[in-house]
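**Student:** Fold the following, please.
(one chain, ligands or ions: 1)
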Amino acid sequence: MKKTLLVVLSVILLFDSSVIVISAQGQSPTEGATIGEEDSIIEMINQIDESLLYEYLSGLLNFSPRYTGSINCNLAAEYLYNEFQKMGLQTEFHEWRYGGFHSKNVIATLPGTDIWSTAEYILCGHYDTVRTAPGADDDGSGTAAVLAIASVLKDYRFNHTIRFIAFSGEEVGTYGSFSYARDASFRGDNIIAVLNMDMIGYANTEEGGRVLRFFPPKRSTWIADEATLIAEKYNDVLDMKVVTLPGYRGADNQAFVDYGYDGVWIAHQDGYSWGHSPEDTINHINWSYIVKATKLMLAMTVEFAQKPIDVQVALQRPYEGYTYFFKRPVFESSFGKKYFGGLRGSTFIVGGRAQATAVVYSKEPIQYVVFCIDGYFMFWDSEPPYEWSIQGWMTPIIGRHILDVYVFTTTGKVASDQMDITIFEIATTYK
Ligand SMILES: [Zn+2]
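**Tutor:** Numbers count the residues shown, from 1 in each chain. Next up is the predicted model:
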């Protein structure tokens, strides 16, 4: 269950179907209210304003600080849950225990309408704080943006599922997102991209007021590339651009990346000197900036959630984050406290010959699925289930490698997925 480079060969940012609008009170999609694509996104963008963001940010800041596990943090979780529920979204707590902490992530879901799609996009921020900060910018800003965007998008329907998530446990080691990503990976959730807004409420220069920074790890640069094009598309309305920087391991998107998904950290450009201090208050928020950043994130969420996906492939086995002895997953080998050590989501195969299994989602006939190690052909399979018993040609595969899988459709579309594996082969006979 890893990420999945949905590759539709070209970056098509235009919808092939128009957005369906439902009435504010309505429960179910009604085709009657269908309107033109770009107009409808502008209509959605225009519903984001300062008073909406102020309402959510000040609502959250009533519970300050929100150190993970504290009463205030739990009260803030209740507040977020109630706000999502008032919007009529499917709302749930994801309770987690890790590293001596016990807390809850809050999740609201807007299900996709494409019955062929299992794809989902996550728009998230973290609502917890360090012990002494009210956390207006870090990360009340991202959390308020999640709420504001959800409150607009709830009245529309899109091809793919959108999950709005407020994580806790970020400031103590990104434990909330780690717990969620681990569970999602084990369930086989088909998460295409995680858009993690963490500190999007500040600018004090003219240049900084026009920039939203994206920090993708290498495998997720495609998200920043698409985001750049979306920002250009709405530049006349928003006057904002995307600047791409290298990835950073200490943000909530990283846990998803460790579990084979794709995600980026998104933040403002100008330096914010009150982070993690009692001075991280609502007075320091730059309102015109947070409004523009939230509008741009709304446009991106909609463009991603609406874009058709023709073919996808996902590695479902080996299970990410497990240690295998021969074919069997024996124990979980993720050491989540060490997010800088790179051990989260690590997969070890001791003895070799674990089974690799790929799941394909496609609207077209499949020609074949190809398994590779480090980009080199190893095995192909033209019939489901698409499987390969991991083994070398003539020589064993030993050490840390990338297991790649590609799917080719009969019309020439290609998609791929990959995961890191580390193999210790003890004794194998090669013919
Ligand atoms: Zn933060």
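**Student:** Quick check: which ranges of this protein have low pLDDT?
**Tutor:** Scanning the chain with the threshold set as pLDDT under 70 gives 1-36, 334-342, 352, 426-431.
**Student:** Try it again at 80.
**Tutor:** 1-38, 332-345, 351-353, 392-396, 425-431 (pLDDT under 80).
**Student:** Going along the chain, name the helices of it.
**Tutor:** 37-45, 50-61, 71-86, 142-153, 175-187, 221-233, 235-238, 253-258, 287-306 (DSSP state H).
**Student:** which of the ones you listed is buried the deepest?
**Tutor:** The highest mean neighbour count among the helices of the chain, using mean count of other C-beta atoms under 10 Å, belongs to helix 253-258: a mean of 28. Just so you know, the C-beta spots here come from the backbone N, C-alpha and C atoms, and that holds for glycine as well.
**Student:** Stretch 370-381 spans what distance, first to last residue?
**Tutor:** 7 Å (C-alpha to C-alpha, to the nearest Å).
**Student:** contacting residues around that stretch?
**Tutor:** Contact partners of stretch 370-381, identified using C-beta atoms under 8 Å, 6 or more residues apart in numbering, comprise 356, 358, 368-369, 387-388, 392-393, 397, 401-408.
**Student:** how about the residues of this protein near the ion?
**Tutor:** For the chain, the contact set with the ion under C-beta under 5 Å from the ion comprises 138-139, 198.
**Student:** on that earlier part again, pull out the buried members of the contacts of stretch 370-381.
**Tutor:** By neighbour count, with 16 or more other C-beta atoms under 10 Å, the contacts of stretch 370-381 hold 356, 358, 369, 387-388, 397, 401, 403-408 as buried.
**Student:** Please render the residues you listed as CSV that adds distance to residue 323 to the earlier fields.
**Tutor:** Putting the buried ones among the contacts of stretch 370-381 into CSV (distance: C-beta to C-beta, whole Å) gives the following:
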residue, distance to residue 323
356, 16
358, 21
369, 26
387, 20
388, 19
397, 16
401, 16
403, 15
404, 21
405, 21
406, 26
407, 28
408, 32
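**Student:** Looking at the residues you listed, which are in strands?
**Tutor:** By the criterion of DSSP state E, membership of the buried ones among the contacts of stretch 370-381 in strands covers 356, 358, 369, 387-388, 401, 403-408.
**Student:** How is this protein partitioned into domains?
**Tutor:** 20-306, 311-424 (automatic domain parsing).
**Student:** Now do the end-to-end distance for the shortest one.
**Tutor:** Right, domain 311-424. End to end - C-alpha to C-alpha - domain 311-424 spans 33 Å.
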